[in-house]
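Novice: Starting from these lines, generate the structure:
(chains A and B)
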Amino acid sequence: MSLPQLLLRSPRYLRTSGTPCHLWWSQSLGTISSVGSWRGQSSKSPAYWNQVVSEAEKIVGYPTSFMSLRCLLSDELSNIALQVRKLVGTQHPLLTTVRGLVQDSRNNLQLRGLVVLLISKAAGPSSVNAPCQNYDMVSGIYSCQRSLAEITELIHTALLVHRGIVNLSELQSSDGPLKDMHFGNKIAILSGDFLLANACNGLALLQNTKVVELLASALRDLVRGVYHENFTSAKEDYITNDIGISTWKEQTFLSHGALLAKSCQAAMELAKHDAEVQDMAFQYGKHMAMSHKINSDLQPFIKEKTSDSTTFNLNSAPVVLHQEFLGRDLWIKQIGEAREKGRLNYAKLRETIKAGKGVTSAIDLCRYHGNKALKALESFPPSEARSALENIVFAVTRFS
Amino acid sequence: MTSCWWRWRRGCPWRPATRSPGPGSPGRAGPCGPRPTAAARAQISYFYLVKSLTSACSNMYSISRLHHTTSATCCCSKTWSGEKYTDPFTLGRRYLKGLYEDIRKELLICPTELKEMSEYYFDGRGKAFRPVIVVLMARACNIHHNNSRDVQASQRAIALIAEMIHTASLVHDDVIDDASSRRGKHTVNKIWGEKKAVLAGDFILSVASIALARIGNTTVISILTQVIEDLVRGEFLQLGSKENENERFAHYLEKTFKKTASLIANSCKAVSVLGCPDPVVHEIAYQYGKNVGIAFQLIDDVLDFTSSSDQMGKPTSADLKLGLATGPVLFACQQFPEMNAMIMRRFSLPGDVDRARQYVLQSDGVQQTTYLAQRYCHEAIREISKLRPSPERDALIQLSETVLTRDK
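Specialist: The predicted structure is shown next:
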């Protein structure tokens, strides 16, 4: 079955089946090379992670199929599907992204949306008298909060699609015809813009200017973060950025934490919770996202079975920390030593890093953020939703 | 296959029909801008009207000055307000001092290349066509409402936001069209590459959205969100083409509305909502912006055939090269049915672009498109004339004429 068929089929599938299905962007995160984080896998046991998530999903009422039906059923999307079909056989990265979006993979999910729903439920209705329209509650979550969860995923996916654009002037002949790549860019921009337009539309319908501002600023942060992530090191290939861990944390917050933190805050605002509760939700979103990202960065260094071909990001947490302990000059020297015939020997470099203090302090940092996230949760009353949020933190901070 | 997605809108379950302003908030009352479908349908008959009119009128170019008198006769309020104005842009820019500085301030947040890219088109060398219309409309509405002589800060913000949304869409369009020059400069994608250009567009859009949210009016947010949706839908319309001639023309006008006029119409409406509670005024502002916007784009399409690239700051025959059949081509096709095949294959064969251009210049496609643009301008003038006289109202009338007579 071709991708577009799958794409077109998905809405019906979503509609008729009651089982959770994470079509769309589900696996996408793993497919874009530079992203790396947010993979739905826990430190040691994917089984434990899956259990945490599937229990959390039960709590929020129904499967987290956020990309709404109206969006999937729209003509623009059918058109995108038709256009994407023309890309089959080309080298354009959009194809990989879409393939990731369409494939149903058990281990990956729309975690951001799920967290927004869980924290909405954990906070419950506000004590202030019942808010107005758009506020019917299902499973303890307002419908506007469900929309927000969906918008969060839309924004995330749009940026995912937009970062898969290729620079036409840098293409090699092995990339295939220029025409195909240009066409791929065109469709990628349009699809991303379409998702963003849907997000804007959904935001406008929420009729809350503060929420619009929060999510718009989350989009701005995300764009800045993606920009840093993709381009700051572009000039000097294969070297860690010349930044300390505090700058790394700022940039990582923009690219991985801001959207979730601000969405969690906005979910509180929608239920008319006060500033203090909003801040706690923000803190949870921020620190949970940070520890999740660091956990993901740690994977190449702590997995028992790593093949020699496993690469890792030179701007990931353990590497940046390693550089910080070592000093940049020594680290550059180590990278130089690991370079063989112009190519980096990642297996060798990994052993070098594992011998240093980078990995252990990354684990500490992961736990530090995890604890901050748990601390923020303490202000919410105990509930199964709160436990699920805690379990998510436990899952990403557990290193045997 | 291409035609099947053209079932657009019919039964599309999530059109913003349900979007309603909160209780007590102004705006969106009354027919909030004809749904473009209806507008486009109306244009089909209009198309024949234009055809018959233009065939009756032998010298089309003489018409271009005709409408000045027409506008005076169709003015509902009796007189011009008498105040002397020279150029609507001069008047408008008076209220827009520091516009680009303010936009750059909004973009200041990140001190990197991203900021440099985002600022690139806000160099103050553009026409600022949209902001000028927006502030003039704001003042015209304020004066109409309570003779207020001020432009509210929120109304000025709409001018900024309109220009930012416009620029964000330009940056993305240039990547989509693989354009290399605009306003006499290299495009962002040619200088920094496509990957970064796309992010720059997203960045400008996000900053515009933040500014929009800060105005703090949910009705205004809904109005301008419609623009973002229309821009994307317009771009989608541009991907497809129609076999049937009438549908093709409706398709073209629909695309023109969404890609160009929606921004002007809805920002005009937004400032009217901020300045005046009367839904009738909102509708006037919307209709004015819509009609001027369509006229503006029709003339733009004409200039793609008649102007030199030096004048335009971008290459000409650009639309044909992109495979797009604009107004002049569609009219020419009436006279030279052999163009049909070329339109359908989107001018993709070698020589198609040149031949199509020759056909257009031999036909009266340019004149008929110009004439159609005049009709839209008349309509815009008819609408805006319903407002109480003011220098700004008259500048808007004048501005619709400069839309017709511009050569770049």
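Novice: The residue nearest to residue B:108 when sequence neighbours are not counted: how many residues sit nearby?
Specialist: Of all residues not flanking residue B:108 in the chain, residue B:115 sits nearest, at 6.9 Å (CB to CB, 6 or more residues apart in numbering or on different chains). Backbone N, C-alpha and C define where each C-beta goes, glycine included. By the criterion of other CB atoms under 10 Å in any protein chain shown, residue B:115 has 17 neighbours.
Novice: Residue B:106 is in contact with residue B:115, correct?
Specialist: No: the pair formed by residue B:115 and residue B:106 falls short of the contact definition of CB atoms under 8 Å, at 10.4 Å.
Novice: ok, the closest residue to residue B:338 other than its chain neighbours to residue B:348 distance?
Specialist: Distances taken as CB to CB, 6+ apart place residue B:359 nearest to residue B:338, at 8.0 Å, with adjacent residues excluded. Residue B:359 sits 16 Å away from residue B:348 when distances are taken as CB to CB, to the nearest Å.
Novice: Name the residue in these two with the higher neighbour count.
Specialist: residue B:359 (19 against 10).
Novice: so who does the more buried one touch?
Specialist: Listed by CB atoms under 8 Å, 6 or more residues apart in numbering or on different chains, the contact partners of residue B:359 are B:332, B:336, B:338-339.
Novice: Enumerate every residue touching the nearest residue to residue A:161 once chain neighbours are set aside.
Specialist: Nearest-residue entry for residue A:161: residue A:192, 4.1 Å, with adjacent residues in sequence omitted and distances by CB to CB, 6+ apart. The neighbours of residue A:192, taking CB under 8 Å, 6+ apart as the test, are A:158-159, A:161-162, B:198, B:202.
Novice: if you set the cut-off to 10 Å instead, what comes out?
Specialist: For residue A:192, the contacting residues are A:94, A:97, A:157-165, B:172, B:198, B:201-202, B:232, taking CB atoms under 10 Å, 6 or more residues apart in numbering or on different chains as the criterion.
Novice: Show me which of those residues are buried.
Specialist: Of the members of the contacts of residue A:192, the ones counted as buried by neighbours, 16 or more other CB atoms under 10 Å in any protein chain shown, are A:94, A:97, A:157-165, B:172, B:198, B:201-202, B:232.
Novice: Which strands or helices does the helix or strand containing residue A:374 pack on?
Specialist: Under the criterion of DSSP states H and E, residue A:374 resides in helix A:358-377. Counting contacts by 3 or more CB pairs under 10 Å, 6 or more residues apart in numbering or on different chains; DSSP states H and E, the secondary-structure elements packed against helix A:358-377 are helix A:111-123, helix A:245-252, helix A:275-302, helix A:317-326, helix A:346-355, helix A:384-397.
Novice: any idea how far the longest one is from the chain center?
Specialist: Its chain's average C-alpha position is 11 Å from that of helix A:275-302, according to CA atoms, centre = their mean, to the nearest Å.
Novice: Please apply the same query to the second one.
Specialist: Between the centre of helix A:245-252 and the centre of its chain there are 17 Å (CA atoms, centre = their mean).
Novice: Just list what that helix packs against, helices and strands only.
Specialist: In terms of contact count using 3+ CB pairs under 10 Å, 6+ apart, helix A:245-252 is assigned the packing partners helix A:209-231, helix A:275-302, helix A:317-326, helix A:358-377.
Novice: repeat that for 6 Å
Specialist: If contacts are counted by 3 or more CB pairs under 6 Å, 6 or more residues apart in numbering or on different chains; DSSP states H and E, helix A:245-252 sits against helix A:317-326.
Novice: Report the mean confidence score over the helix it packs on.
Specialist: Helix A:317-326 shows a mean pLDDT of 90 in the predicted model.
Novice: got the buried residues for the helix or strand that comes right after it?
Specialist: Under the assignment DSSP H and E, the closest C-terminal helix or strand after helix A:317-326 is helix A:328-337. By neighbour count with 16+ other CB under 10 Å, helix A:328-337 contains the buried residues A:331-332, A:334-335.
Novice: Stretch A:381-393: how far from the chain's middle?
Specialist: With CA atoms, centre = their mean as the basis, the mean position of stretch A:381-393 lies at 20 Å from the chain mean.
Novice: actually stretch B:162-172, not the one I typed
Specialist: Computed by CA atoms, centre = their mean, the chain-centroid distance of stretch B:162-172 equals 12 Å.
Novice: contacting residues around the helix holding residue A:374?
Specialist: Outside of helix A:358-377, the residues that reach it under the criterion CB atoms under 6 Å, 6 or more residues apart in numbering or on different chains are A:280, A:283-284, A:287-288, A:290-291, A:294-295, A:298, A:301, A:317-318, A:321-322, A:386, A:389, A:393, A:397, A:399.
Novice: and if we set it to 8 Å?
Specialist: Applying CB under 8 Å, 6+ apart, the set of residues contacting helix A:358-377 from outside is A:122, A:245, A:280-281, A:283-284, A:286-288, A:290-291, A:294-295, A:297-298, A:301-302, A:317-325, A:353, A:386, A:389-390, A:393-394, A:396-397, A:399.
Novice: isn't residue B:180 right up against residue B:194?
Specialist: No: at 12.0 Å, residue B:180 does not count as touching residue B:194 under the criterion of CB under 8 Å.
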